[in-house]
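Asker: predicted model and sequence follow; I will ask about them next.
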Amino acid sequence: MKRTVSAIFMAMLLTSMLYSAFKIMPAEAAGTIYIRADGSIDPPTAPISRDGDTYTFTGNVSDGAIVVERDNVVVDGAGYTVQGTGTYGSKGIGLSGRSNVTIKSMIIRYFWEGIILEYSSNNTISENKVTNNSFLGIYLSESNNNSLSGNNITANNGWAGIMLEFSSNYNIISGNNITANNECSIRLFSSSNNIISGNNITANNYHGIWIEYSSNYNIISGNNITASDAYGIWLHSSSNNSISGNTFTNDGLSVYDSYQNSVENNTVNGRPLVYLEGVSNYTVDDAGQVILVRCENIRVEGLNLSRTSVGVELLDTSNSTISGNNITANNWQGIRLLSSSNNIISGNNITNNLYGIWLWRSSNYNIISGNSITNNVYGIEVYSSSSNSIFHNNFINNAQQAFSSDDSVDVWDDGYPSGGNYWSDYTGTDVFSGSYQNETGSDGIGDTPYIINGQNLDHYPLTVHNVAITDVLSKTVVCQNCSAQIDVAFTNEGNYAETSNVTVYANTTVIATFTDINLARKESTTLTFNWDTTGFAKESYIIWAYVDPVANETETADNTYIGSGITISMQGDVNADSIVDIFDIVIVALEFGHPPPPIVDLRADVNKDGLVDIFDIVVVALHFGETS
């Protein structure tokens, strides 16, 4: 019996070894493979089998390509890969002058262009993965009536995931996942009457869908367009397109010299995309994005417009008002005017955009006043636009506060004594007064102009007195009759050296005062003290700080800062749950031996000596089991 089992085991082992040595691997080929006009496969050793007009891959193709020279065929990749080396001009799958060809179920990568159709019609490209090509994923040139569906088109590095150009018309692009391509997901150049529907378009480095140069009468519907770095859809010199039922997330629509487009039932971050063309005397009261084309007397008021391509866009629009809106964190512009004049932009908070306000190409005679323009890359850019009045705005901490092209001449102040704008990087002084700033005494206006360029100056830049509390930091739990360190951040945000007093409270009780603190302009300091909790009841307290306003200070909302709460507990009750138990020991044990590295949970430093060690555990142990 033992000899029989041993023989069987040896036979199985030998069979396994022979299989490992001689098992048949899928064929892999290199070089270009042709499906010839007569139906033959060239070279005949290529890993493709033929069954009538269906050609099925049986292995991968490395450092090669597929050229189809026959109509009315199906090329089934069967999940195999066609791979190149990214060489300039290389093509993964090439169809030229072909019709009724189906390309499906293959992985195409590392070419200059993944799939290319030239002068080809009525073909189907479906269920392929087209990735990491150097220039284009799928390219159609002068090709009509083709269907591109169910493809994954990812990380192509040149112009687009899919590009149609030179009158590639009547094509259908549907149900594709198009992600993380360099320029855009889908680009139409001089191509019309196409349908782009039901695609997921995500995280492209520039635009989601780019429609340009007389690409007209296209239908763009039901797409999910997410997180394009610039515009979700960019209409450039293209008209009579239909854009409907699309969902934009963290991007949106933008229009340049494009008219008579139908834009309906789209949302931006869950709110309506309001697109008005040729409308007058209307107020926008709910929107995720607003686009006005050839409109007049439109009011855009009281909206929160964030995380879209452009918060408010005006094209050939006049006598309209944009006021009282919060416009923040947009991919491109907060407010954009193109060939739009005699509008009012006032009282808006415009924050954390690439461009806060952008005036471009003969946007003249606009009034921009009373806006807070903060933390944008460019606060305002004026290009080929003149005679705009820009005054009483706060330009705060923009990487470039303002830019004006040489052919733009605008007015950057409201004269004396009304003044100009507040510029957070203004370095001048306010010692003098008067329209020539040569009279004795300060007047809240800088003595020297703020210079944008040689033709654009704010002659009367506003200066401010402003002190602020910007943070209050403390532990969240402290034992009764112990002390807690509290840090108060105090900043002089104005243009003058200031002296003021800071008071710190626990609820309504004063726990610290700092008097006659001197700060130079734009200087900050941290005020640190230890709060002795002796005499305070075991309960929670709000710790907050207040700085006295200085002379001529008008912005006082930031003089108060409400910090986090501190709970006073009995000794050893680290988590302030009214009992000293194992959970308190666990908190200390998890931080035991710190620092280094820094203490993460400051509650663990029970005796406040800056260490978490045996002495902290002793305090908890001495009170173990106590309740309050």
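Answerer: Sure thing, it's come through.

Asker: can you show me the CA trace of the helix or strand harbouring residue 311 as CSV?
Answerer: Using DSSP states H and E, residue 311 sits within strand 310-315. Once non-C-alpha atoms are left out, strand 310-315 reads as follows in CSV (Å, rounded to 0.1, in the frame of the first residue of the first chain):
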residue,chain,number,x,y,z
VAL,A,310,-16.3,80.7,-12.8
GLY,A,311,-18.7,82.1,-10.1
VAL,A,312,-20.3,84.7,-12.2
GLU,A,313,-19.5,85.2,-15.9
LEU,A,314,-20.7,88.1,-18.1
LEU,A,315,-20.3,88.0,-21.9
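
Asker: so what touches it?
Answerer: Outside strand 310-315, the residues that touch it by C-beta atoms under 8 Å, 6 or more residues apart in numbering are 231, 252, 254-257, 289-295, 300, 305, 320, 322, 325, 327, 330, 332-340, 343, 353, 363. Any C-beta I mention is one placed from the backbone N, CA and C, and that applies to glycine too.

Asker: next SSE downstream of that strand?
Answerer: That would be, after strand 310-315 and using DSSP H and E, strand 321-323.

Asker: buried subset of the contacts of strand 310-315 as a ChimeraX selection?
Answerer: This is the ChimeraX syntax for the buried subset of these, where burial follows 16 or more other C-beta atoms under 10 Å:
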select :231,252,254,255,256,289,290,291,292,293,294,295,300,305,320,322,325,327,330,332,333,334,335,336,337,338,339,340,343,353,363
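
Asker: surely residue 591 touches residue 599?
Answerer: Yes. In this structure residue 591 lies within contact range of residue 599 using C-beta atoms under 8 Å: 5.6 Å.

Asker: shared neighbours of those two, anything?
Answerer: Common neighbours of residue 591 and residue 599 (C-beta under 8 Å, 6+ apart) are 605, 612.

Asker: the nearest residue to residue 542 once chain neighbours are set aside is in what secondary structure piece?
Answerer: Among residues not flanking residue 542 along the chain, residue 565 sits closest, at 5.3 Å (C-beta to C-beta, 6 or more residues apart in numbering). Per DSSP H and E: residue 565 is located in strand 560-569.

Asker: contact partners of that strand?
Answerer: Contacts to strand 560-569, defined as C-beta under 8 Å, 6+ apart, come from residues 468-480, 484, 486, 488, 506, 531, 533, 536-546, 576, 578, 628.

Asker: what is the helix or strand that that strand is followed by packed up against?
Answerer: Counting by DSSP H and E, the element after strand 560-569 in chain order, helix or strand, is helix 582-590. For helix 582-590, the elements it packs on are helix 614-622, judged by 3 or more C-beta pairs under 8 Å, 6 or more residues apart in numbering; DSSP states H and E.

Asker: in the helix it packs on, which residues are buried?
Answerer: The neighbour-count check on helix 614-622 (16+ other C-beta under 10 Å) flags 616-617, 619-620 as buried.

Asker: re earlier: out of residue 591 and residue 599, which sits in the busier spot?
Answerer: residue 591 (21 against 16; other C-beta atoms under 10 Å).

Asker: quick check: chain neighbours aside, which residue is closest to the more buried one?
Answerer: residue 604 (3.7 Å).

Asker: quick check: the one you found vs residue 187, distance?
Answerer: Noted for residue 604: a distance of 57 Å to residue 187, by C-beta to C-beta, to the nearest Å.

Asker: repeat for residue 351
Answerer: 32 Å.

Asker: neighbour count winner among those two?
Answerer: Ranked by neighbour count (other C-beta under 10 Å), residue 351 and residue 187 place residue 187 first, with 25 against 21.

Asker: which residue is nearest the centroid of the protein?
Answerer: Nearest to the mean C-alpha position of the chain, by C-alpha atoms, centre = their mean, lies residue 331 at 5.5 Å.

Asker: show me the contacts for it.
Answerer: Residue 331 makes contact with 228-231, 250-251, 307-309, 354, according to C-beta under 8 Å, 6+ apart.

Asker: turn those into a markdown table, columns for pLDDT, distance to residue 457 and secondary structure.
Answerer: A markdown table is the format used below for the contacts of residue 331 (pLDDT from 0 to 100; distance: C-beta to C-beta, whole Å; DSSP: H, G, I helix; E, B strand; the rest coil):
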| residue | pLDDT | distance to residue 457 | secondary structure |
| --- | --- | --- | --- |
| 228 | 87 | 38 | coil |
| 229 | 87 | 34 | coil |
| 230 | 89 | 32 | coil |
| 231 | 94 | 34 | coil |
| 250 | 95 | 38 | coil |
| 251 | 96 | 37 | coil |
| 307 | 95 | 35 | coil |
| 308 | 95 | 33 | coil |
| 309 | 95 | 32 | coil |
| 354 | 96 | 25 | coil |
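
Asker: and the strands in the stretch 451-600 of the chain, which stretches?
Answerer: 456-458, 467-474, 477-479, 483-492, 498-506, 509-519, 524-532, 540-547, 560-569 (DSSP state E, counting those that start in this stretch).

Asker: where does this protein have its least confident helix or strand?
Answerer: Ranked by mean pLDDT, DSSP states H and E, the weakest helix or strand in the chain is helix 2-22, scoring a mean of 36.

Asker: tell me the helix or strand right after it.
Answerer: Next in sequence after helix 2-22, counting helices and strands by DSSP H and E, comes strand 28-35.

Asker: what comes up buried for that following strand?
Answerer: Those buried within strand 28-35 under the rule 16+ other C-beta under 10 Å are 29, 32-35.

Asker: quick one: the residues you listed as TSV, columns for pLDDT too.
Answerer: Below are these laid out as TSV (pLDDT from 0 to 100):
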residue	pLDDT
29	68
32	92
33	96
34	97
35	97
